[in-house]
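Asker: Fold the following, please.
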Amino acid sequence: MLLTRIKGPRDLDRLSQEELTQLAAEIRSFLVDAVSKTGGHLGPNLGVVELTIALHRVFESPKDKVLFDTGHQAYVHKLLTGRQDFAGLRTKGGLSGYPSRAESEHDVIENSHASTVLGWADGLAKANEVLGREDHHVAAVIGDGALTGGMAWEALNNIAAAKDRPLVIVVNDNERSYGPTIGGLANHLATLRTTDGYERFLARGKEILERTPVVGKPLFETLHGAKKGLKDFIAPQGMFEDLGLKYIGPIDGHDIEALESALQRAKRFSGPVIVHCLTQKGRGYTPALEHEADRFHAVGVIHPDTGLPVKTAAASWTSVFADEMVKLGHERPDIVGITAAMLHPVGLNKFAEAFPDRIYDVGIAEQHGATSAAGLATGGVHPVFAVYATFLNRAFDQVLMDVALHKCGVTFVLDRAGVTGDDGASHNGMWDMSILQVVPGLRLAAPRDAEQLRAQLREAVEVKDAPTVVRFSKGVVGPAVPAVGRIGGMDLLRPPAPEVTRPDVLLVSVGALAPMCLEIADLLDKQGISSTVVDPRWVKPVDEALAPLAERHRVVVTVEDNGRAGGVGAAVSQALRDAGVDVPLRDFGIPQRFLDHALRKEILAEIGLTAPDIARQVTGLVAKLDGRFDSEPAAAVD
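Answerer: Numbers count the residues shown, from 1 in each chain. Modelled structure (predicted):
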């Protein structure tokens, strides 16, 4: 196989065009076989095989910087830079599903959030200029979907201002991000065509007219002034050229020879250049091409021949939300849905099918989505903006200043909250309950099971004068965790034994960690430590009944699937201080560090967010209060 002979990008230089075509076929076969075993981003990578080969033939990584926006389409890049062991893809100790600096000097960006690559490219190109590195180049690959993000256009505005600073921008145009790309930009890209003769015609005309006495120069200037109109008639790429960016394309993104020619021309140019490539997401794999929703953007473990899942998926948090949104849509004609280019991943596809006139896909533009939601709410409807928890970070200012300041009734539904695992550091939703704590008036719910998700979503959309947030985990929703009573607005999940007058521990369970907290209570009980377990349901604001309840216990313990800094534990601690309740508090959550990719349960074990780990520490804390400083009781909870 040719693929096994590729240990680095320069090994591509020795291959003929025929061998490169064979290599592309081998890569597609490898990807289908490997990703079907582990799951991962299959469709995007099948679409960029030839493009990635051409990039590494033309540019000299790592001296030249080859950057990938979002990064989920970097599997081919990994194969061509010496990483061909995909057996552990997206698992602990295996390859990351995104570029990773720890893996290779060829990887530059690993934040995995869309629309950022042009900002990176602008900075790297400026660094080359400052340091006089004229033989260094920057090539940034950005999808047409990522171009719907405002950050991309902020960067383009800056890139275009330096007309003599070399930078190659490769637009990977497959008409999709997750699903089909929407909006005015998508329509513009769909119209772009090119004619090989236009530039030659203009250059030849200039040469002839400039030799013509008296009328030649004025006539050429008139012709040149008409350039935009003429060019838009022949090839309407004026949008990019109006910014001052040289445009090449569209290029067949599966023709390696044509791609190399275009990239070489762009590389030689002394300023910023757009190379517009037309590719096909899922190319070469029939099940992906026939999957209209997202062309196998991301798959679990599948059968490589059929593309069908190997296991039947159980009900997920997302599916519970999806079904409840449809019910709410039938009951409330004022409810509308908003998604940032992720209609299917966040579960709004069912709502869109039922109410096509009440769904808005804003593209990869979370900031705009939040402010647009404020406008919708001000106009008299109730928007539900469903977004991954990690992506709401990008719209914090809009949540704060547009939604909350104006007391707009907007519901944000945060999917993939907490530790998500296999997508790595940038996709863990571990910041939302911290950053949202500072937003005045905002109310935040963390449902523990499917029943509570339905109930708290309904409670959220009833709020008309403030933003509400409902956050839930990734994956399968667990079994129902029934309440045995209510204390204020909190659910009592486990009371202490009737004979206990002052229980030792008040366990404050946040969201989907309720089963773990009940297990902790069981382990503590075996050590003779009494406990009460409550679920606040709404973790912001802190329930007024919590402080007097805490005062009746010796220790308060909070357990949350969120960063410890500024999270629910910190909010509870402040509420107790404000109420004059001087009870020791221990908060358990995610440490404030970037977590490597692994299974969720492996990460939770690594950071000590498991029932035995927490029970052991709480046992030790109670022992200290009792004046017993030996560690024997703590060790027994295993």
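
Asker: Show me the strands in the stretch 251-400 of the chain, by range?
Answerer: Taking DSSP state E, counting those that start in this stretch, the strands of the stretch 251-400 of the chain run over residues 272-278, 335-339, 359-361, 382-388.

Asker: Kindly reformat those strands as TSV containing mean neighbour count, distance to residue 621 and mean pLDDT.
Answerer: C-beta here means a position set from N, CA and C on the backbone, and glycine is covered the same way. Formatted as TSV, those follow (neighbours: other Cβ atoms under 10 Å; distance: least, Cβ to Cβ, whole Å; pLDDT from 0 to 100):
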stretch	mean neighbour count	distance to residue 621	mean pLDDT
strand 272-278	25	59	93
strand 335-339	23	44	97
strand 359-361	20	49	96
strand 382-388	25	35	97
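
Asker: Of those strands, which is nearest residue 551?
Answerer: strand 382-388 (37.8 Å; Cβ to Cβ).

Asker: pull the CA atoms of that closest one into CSV?
Answerer: Only the C-alpha atoms of strand 382-388 are listed here, as CSV (Å, rounded to 0.1, in the frame of the first residue of the first chain):
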residue,chain,number,x,y,z
HIS,A,382,-40.4,33.1,23.3
PRO,A,383,-37.2,31.8,21.7
VAL,A,384,-35.6,28.6,22.7
PHE,A,385,-31.9,28.7,21.6
ALA,A,386,-30.4,25.2,21.8
VAL,A,387,-26.6,25.1,21.7
TYR,A,388,-23.8,23.0,23.0
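
Asker: other SSEs contacting that strand?
Answerer: strand 335-339, helix 366-378, strand 411-415 (3 or more Cβ pairs under 8 Å, 6 or more residues apart in numbering; DSSP states H and E).

Asker: pLDDT weak spots in this protein?
Answerer: Scanning the chain for pLDDT under 70 picks out the ranges 176-239, 628-638.

Asker: need the longest strand for it.
Answerer: strand 555-563 (DSSP state E).

Asker: what are the pairing partners of that one, and which direction each?
Answerer: Applying DSSP bridges to the sheet, strand 555-563 is found paired with strand 505-509 (parallel), strand 585-590 (parallel).

Asker: could you dump the ones you listed to CSV with distance to residue 140 and mean neighbour count?
Answerer: Output for the strands paired with strand 555-563, formatted as CSV (distance: least, Cβ to Cβ, whole Å; neighbours: other Cβ atoms under 10 Å):
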stretch, distance to residue 140, mean neighbour count
strand 505-509, 45, 26
strand 585-590, 32, 21
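
Asker: Those into a markdown table, with extra columns for distance to residue 85?
Answerer: What follows is those, written out as a markdown table (distance: least, Cβ to Cβ, whole Å):
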| stretch | distance to residue 85 |
| --- | --- |
| strand 505-509 | 40 |
| strand 585-590 | 29 |
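
Asker: Residue 284: which of those strands is closest?
Answerer: By Cβ to Cβ (comparing all of the strands paired with strand 555-563), the closest turns out to be strand 585-590, at 39.8 Å.

Asker: Contacts for that closest one, please.
Answerer: Outside strand 585-590, the residues that touch it by Cβ atoms under 8 Å, 6 or more residues apart in numbering are 418-419, 428, 430, 550, 555-564, 567-570, 572-573, 576, 607-609, 614, 617-618, 621.

Asker: What of stretch 117-124?
Answerer: Where contact means Cβ under 8 Å, 6+ apart, the residues beyond stretch 117-124 that reach it are 65, 67-70, 108-109, 138-142, 146, 151-152, 154-156, 158-159, 167, 169.

Asker: In it, which residues are buried?
Answerer: Buried residues in stretch 117-124, counting neighbours by 16 or more other Cβ atoms under 10 Å, are found at 117-122, 124.

Asker: gap between the longest helix seen in the chain and the chain center?
Answerer: Taking DSSP state H as the criterion, the chain has its longest helix at helix 17-38. Computed by Cα atoms, centre = their mean, to the nearest Å, the chain-centroid distance of helix 17-38 equals 26 Å.

Asker: what do you get for stretch 132-147?
Answerer: Per Cα atoms, centre = their mean, the centroid offset for stretch 132-147 relative to its chain is 21 Å.

Asker: first to last residue in it, what's the distance?
Answerer: End-to-end distance for stretch 132-147: 30 Å, by Cα to Cα, to the nearest Å.

Asker: From residue 121, how far off is residue 272?
Answerer: 9 Å (Cβ to Cβ, to the nearest Å).

Asker: Need the residues touching each of these two.
Answerer: With Cβ under 8 Å, 6+ apart, residue 272 and residue 121 have common neighbours 159, 167, 169.

Asker: ok, and the most crowded of the residues you listed?
Answerer: residue 169 (29 neighbours; other Cβ atoms under 10 Å).

Asker: residues contacting that residue?
Answerer: Residue 169 sits in contact with 118, 121, 139-140, 142, 156, 159, 245, 272-275, where contact means Cβ under 8 Å, 6+ apart.

Asker: List the buried residues of stretch 8-28.
Answerer: 9, 12, 15, 20-21, 23-24, 26-28.

Asker: that older thread, mind giving me the packing neighbours of the next helix or strand after the longest helix of the chain?
Answerer: Using DSSP states H and E, the helix or strand that follows helix 17-38 in sequence is helix 43-47. Counting contacts by 3+ Cβ pairs under 8 Å, 6+ apart, helix 43-47 packs against helix 17-38.

Asker: Output the helix it packs on as PDB - backbone C-alpha positions only.
Answerer: What follows is helix 17-38, C-alpha atoms only, in PDB (Å, rounded to 0.1, in the frame of the first residue of the first chain):
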ATOM      1  CA  GLN A  17      -0.400  11.900 -10.300                       C
ATOM      2  CA  GLU A  18      -1.500   8.300 -10.900                       C
ATOM      3  CA  GLU A  19      -0.100   7.200  -7.500                       C
ATOM      4  CA  LEU A  20      -1.600  10.200  -5.800                       C
ATOM      5  CA  THR A  21      -5.000   9.100  -7.100                       C
ATOM      6  CA  GLN A  22      -4.400   5.600  -5.800                       C
ATOM      7  CA  LEU A  23      -3.300   7.100  -2.400                       C
ATOM      8  CA  ALA A  24      -6.500   9.100  -2.200                       C
ATOM      9  CA  ALA A  25      -8.500   5.900  -2.700                       C
ATOM     10  CA  GLU A  26      -6.500   4.100  -0.100                       C
ATOM     11  CA  ILE A  27      -7.000   6.900   2.400                       C
ATOM     12  CA  ARG A  28     -10.800   6.800   1.900                       C
ATOM     13  CA  SER A  29     -10.800   3.000   2.500                       C
ATOM     14  CA  PHE A  30      -8.700   3.400   5.600                       C
ATOM     15  CA  LEU A  31     -11.000   6.100   7.000                       C
ATOM     16  CA  VAL A  32     -14.100   4.100   6.500                       C
ATOM     17  CA  ASP A  33     -12.600   1.000   8.100                       C
ATOM     18  CA  ALA A  34     -10.900   2.800  11.000                       C
ATOM     19  CA  VAL A  35     -13.700   5.300  12.000                       C
ATOM     20  CA  SER A  36     -16.400   2.600  11.700                       C
ATOM     21  CA  LYS A  37     -14.700   0.800  14.600                       C
ATOM     22  CA  THR A  38     -14.200   3.800  16.900                       C
END
